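Trainee: The following block contains a protein sequence and its predicted model.
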Amino acid sequence: MSQINTTDFIEELRFDIREQDMIKAKLVLSKIPEVDDSVRKMALFELNRADDAFAIPLIVNLVAEHRELAHTYPQIKEILYAKAMYHPDMLLSMLTRESKRENRVTLVEVVGDVQLEGAASRLLGILTEEEDEAVIKAVIGALGMIGETSATTPISEYLYSGSLELTISAIYALGQLATPTAFQRLAEKLGADADLDIMILDVFTADQSPVAIERLNEALSSHYAHMRNAAKQRLRDMGGKAVPVLIGNLLHDDPDLLIHTLNVLGEIGDESAVVPIRKLLHNEPRDANVRFAAYEALGLLPVEKGAFALAQGLSDPVENVRSAAAGAIDRNYNTLLAAGLKNIIRNGDEETRQVAETLLNANCETVFLDLIEEVDFQSAVMDFLCEDAHPDVRDRFVELMNQKGYRDLVVRVHDQTCSQKASALKVFAVDDSKMILNIYRSILHSLGCESHLFEFPAEALAAIKANPPEVIFTDLNMPHINGIELIRQVREQFDKETLPIVMVTTQNEIQDNEAACAAGVNAILHKPFTGEDLGKVLTDLGKRIPHGCIKK
């Protein structure tokens, strides 16, 4: 219980206000933390009805000395704001004359909060002359709140101040100014510090103006993985607003930009992206990773008109691309696509087997059920399930056939399936693309490896800690935890000799490669990869490949 006499406290405050005794009034209010809630409210009542010219400096001092109290009782600042707005000249005069650091910071904050007209020139003057970091930080924030565009250049200089607090204040102030020049200055700062990069991208995301979206879009072409991944997540979360800018990217002949753009467009799921992506495929991009990303995106979009064009992807020379096309076909399957596929498989040749294998490895149940009674397709399916299919694939389609009444085919698979040797090499594969994981599963199985697949890096890290594999393959560009960060975390437990890690990526950026090497990667492999590629890197790592046949 407070030892202060509450009646005396209030009476003394009233007397000091009436007598305009600033020194004694400040002394009384210095004891306000020691009185109870009801007394504090009575004190605020007295301050509210006091003469403005006396009350304003008194309340400024109260806020400056008792910031926690001002936070607990927002009425304190409300009273100050109300009085200050009736006396702007007084506030500006105090801003110039005040010498006490804490009070000056409070005055600057009030000026910014009420967006006091005419204060910008005074604040810019303070910014030029002031050396105290707390005051400078408050001034930067106030100029941002006021929206003083002429402050863009002076504020931008603090992006390189050497003080983290001032740099952060400058970032948010420039975000509040939200002019093209302010965003240009923020964009120029990108790449120096990962945490600051994320703050800047968040500023662009919060603004969502065309200029801000374009700046965010530019980060897709960054040399740094953390920036690309952060930009992708934010553009995806922005949804339809980002789609026009992203579609514009499809006109550029930049494989990395195209791939990231296609990833985001697929995740957003806006059907307006379908035609531009189809046009991109019609132009036959040379880079297989671009073709893969395009078909993967179409697999996430509603392709109603022109879906038949997806069938051409099954004839792509690259297995990864064929798998992505298969997924898109299964998602958008219709009578025209069915006719096209039946035309492809009618000869019962190697192409038929290739199509069957691709469709099953991509888990295309809809297409499978439509084609299974085609004689040549059925023959190719049986050969694949009995001889080469991964056990997970075989079990999935055996169960499907059993459910749909194809029990004679189920019996044939059971009778003709060869017993499998125990896998000799335990391999983890981490990639945020389910399609890529299906490809890993198929290829690693053909190499005689026991594959464990992870779409989410956090789950992979938990599994590595609990039951580590012999080799890890990881993608680079993944949300939340990218490949470089995953490598860093694994290296906290296992060295390069104990647990080799291979980074697999579409990128070939010097910065990414250097960061991966610094994190502790053993090798870097580029997409699209084949069985021969994975087999070679495993051999180079000193791992024995049980199966002699490496599928290309």
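Mentor: It's in.
Trainee: burial count for the closest residue to Ser323 other than its chain neighbours?
Mentor: The spatially closest residue to Ser323, leaving aside those adjacent along the chain, is Ala362, at 4.8 Å (C-beta to C-beta, 6 or more residues apart in numbering). The C-beta positions use only the backbone N, C-alpha and C, and glycine is treated the same way. Residue neighbour count, defined by other C-beta atoms under 10 Å, stands at 26 for Ala362.
Trainee: distance of the closest residue to Asn482 other than its chain neighbours from Ala142?
Mentor: Leaving aside its sequence neighbours, Asn482 sits nearest to Ala225 (C-beta to C-beta, 6+ apart; 4.9 Å). With the distance defined as C-beta to C-beta, to the nearest Å, Ala225 ends up 36 Å from Ala142.
Trainee: Which one's more surrounded, the two?
Mentor: Residue environment comparison for Ala225 versus Ala142 gives the larger neighbour count to Ala142, 29 against 23, counting by other C-beta under 10 Å.
Trainee: Next, the buried residues of whichever strand or helix holds the more buried one.
Mentor: Assigned by DSSP states H and E, Ala142 falls within helix 133-146. Of the residues in helix 133-146, those with enough neighbours to count as buried (16 or more other C-beta atoms under 10 Å) are 135-146.
Trainee: Likewise for stretch 505-520?
Mentor: 505-507, 509, 512-513, 515-516, 519-520.
Trainee: Which ones among those residues lie within helices?
Mentor: Under the assignment DSSP state H, the buried residues of stretch 505-520 contribute 512-513, 515-516, 519 to helices.
Trainee: any idea which of those residues is the one closest to Ala194?
Mentor: Lowest distance from Ala194 to these (C-beta to C-beta) belongs to Ala515, with 10.3 Å.
Trainee: nearest residue to that closest one other than its sequence neighbours?
Mentor: Closest to Ala515 by C-beta to C-beta, 6+ apart is Ile484, at 4.9 Å.
Trainee: As JSON lines, the buried residues of helix 133-146 with pLDDT and distance to Ser99 would be great.
Mentor: JSON lines is the format used below for these (pLDDT from 0 to 100; distance: C-beta to C-beta, whole Å):
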{"residue": "Val135", "pLDDT": "94", "distance to Ser99": "11"}
{"residue": "Ile136", "pLDDT": "96", "distance to Ser99": "16"}
{"residue": "Lys137", "pLDDT": "96", "distance to Ser99": "18"}
{"residue": "Ala138", "pLDDT": "95", "distance to Ser99": "15"}
{"residue": "Val139", "pLDDT": "96", "distance to Ser99": "16"}
{"residue": "Ile140", "pLDDT": "97", "distance to Ser99": "20"}
{"residue": "Gly141", "pLDDT": "96", "distance to Ser99": "21"}
{"residue": "Ala142", "pLDDT": "96", "distance to Ser99": "18"}
{"residue": "Leu143", "pLDDT": "96", "distance to Ser99": "21"}
{"residue": "Gly144", "pLDDT": "96", "distance to Ser99": "25"}
{"residue": "Met145", "pLDDT": "95", "distance to Ser99": "24"}
{"residue": "Ile146", "pLDDT": "95", "distance to Ser99": "23"}
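Trainee: Output the below-cut-off pLDDT ranges for the stretch 201-350 of the chain.
Mentor: For the stretch 201-350 of the chain, not a single residue meets the criterion pLDDT under 70.
Trainee: Revised request: answer the last question for the stretch 401-550 of the chain.
Mentor: Filtered on pLDDT under 70, the stretch 401-550 of the chain yields the residue ranges 418-423, 545-550.
Trainee: picking up where we left off before, quick one: the residue nearest to Ala515 and Leu92, what's the gap?
Mentor: Distance of Ile484 to Leu92, given as C-beta to C-beta: 51 Å.
Trainee: repeat for Asn477
Mentor: In this structure, Asn477 lies at 52 Å from Leu92, with C-beta to C-beta as the measure.
Trainee: and if you look at Val321?
Mentor: Summarising the geometry, the distance separating Val321 from Leu92, computed by C-beta to C-beta, is 67 Å.
Trainee: Have a look at these two and say which one is more surrounded.
Mentor: When neighbours are counted by other C-beta under 10 Å, Val321 comes out ahead of the other of Val321 and Leu92, with 25 against 20.
Trainee: For the more buried one, list the residues it contacts.
Mentor: Residues in contact with Val321 (C-beta atoms under 8 Å, 6 or more residues apart in numbering) are 288, 291-292, 295, 313, 528.
Trainee: let's see 10 Å
Mentor: Contacts for Val321 were tallied using C-beta atoms under 10 Å, 6 or more residues apart in numbering; they are 288-296, 313-315, 358, 435, 528.
Trainee: which among the residues you listed end up buried?
Mentor: In the contacts of Val321, burial by neighbour count holds for 288-296, 313-314, 358, 435, 528, counting by 16+ other C-beta under 10 Å.
Trainee: In TSV, list those along with distance to Val490 and secondary structure.
Mentor: Compiled in TSV, the buried ones among the contacts of Val321 are given as follows (distance: C-beta to C-beta, whole Å; DSSP: H, G, I helix; E, B strand; the rest coil):
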residue	distance to Val490	secondary structure
Ala288	29	helix
Asn289	25	helix
Val290	30	helix
Arg291	31	helix
Phe292	26	helix
Ala293	27	helix
Ala294	32	helix
Tyr295	31	helix
Glu296	27	helix
Gly313	35	helix
Leu314	37	helix
Thr358	32	helix
Met435	24	helix
Pro528	25	coil
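Trainee: From these, pick the one nearest Lys26.
Mentor: Lowest distance from Lys26 to the buried ones among the contacts of Val321 (C-beta to C-beta) belongs to Ala293, with 66.6 Å.
Trainee: For the closest one, which non-adjacent residue is closest in space?
Mentor: Sequence neighbours aside, Leu262 is the residue nearest to Ala293 in space, at 3.9 Å (criterion: C-beta to C-beta, 6+ apart).
Trainee: Was I right to think that neighbour contacts Asn249?
Mentor: Yes. Under the criterion of C-beta atoms under 10 Å, Leu262 makes contact with Asn249 at 8.9 Å.
Trainee: Between the two, tell me which one has more neighbours.
Mentor: The residue with the greater number of neighbours, taking Leu262 and Asn249 and applying other C-beta under 10 Å, is Leu262; the counts read 27 against 19.
Trainee: Show me what the helix or strand encompassing that one is packed up against.
Mentor: Of the helices and strands defined by DSSP H and E, Leu262 is found in helix 255-268. Taking 3 or more C-beta pairs under 10 Å, 6 or more residues apart in numbering; DSSP states H and E as contact, the helices and strands that helix 255-268 lies on are helix 210-218, helix 225-238, helix 243-249, helix 274-282, helix 288-298.
Trainee: Make a markdown table out of those and add distance to Glu98.
Mentor: A markdown table is the format used below for the helices and strands packed on helix 255-268 (distance: least, C-beta to C-beta, whole Å):
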| stretch | distance to Glu98 |
| --- | --- |
| helix 210-218 | 36 |
| helix 225-238 | 41 |
| helix 243-249 | 47 |
| helix 274-282 | 59 |
| helix 288-298 | 59 |
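Trainee: coming back round to it: of the buried residues of helix 133-146, which is the nearest to Lys232?
Mentor: Closest approach between the buried residues of helix 133-146 and Lys232, by C-beta to C-beta: Gly144, at 27.8 Å.
Trainee: give the contact list for the residue nearest to the closest one when sequence neighbours are not counted.
Mentor: Computed as C-beta to C-beta, 6+ apart, the closest residue to Gly144 that is not its neighbour in sequence is Ala173, at 3.0 Å. Contacts here follow C-beta under 10 Å, 6+ apart; on that basis Ala173 touches 112, 137, 139-148, 151-152, 155-156, 158, 182, 203.
Trainee: Show me which parts of stretch 348-364 are buried, residue by residue.
Mentor: For stretch 348-364, a neighbour-count test (16+ other C-beta under 10 Å) marks 352-364 as buried.
Trainee: With distance to Ala309 as extra columns, can I get those in a markdown table?
Mentor: Compiled in a markdown table, these are given as follows (distance: C-beta to C-beta, whole Å):
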| residue | distance to Ala309 |
| --- | --- |
| Thr352 | 21 |
| Arg353 | 23 |
| Gln354 | 19 |
| Val355 | 16 |
| Ala356 | 21 |
| Glu357 | 22 |
| Thr358 | 17 |
| Leu359 | 17 |
| Leu360 | 22 |
| Asn361 | 22 |
| Ala362 | 18 |
| Asn363 | 22 |
| Cys364 | 17 |
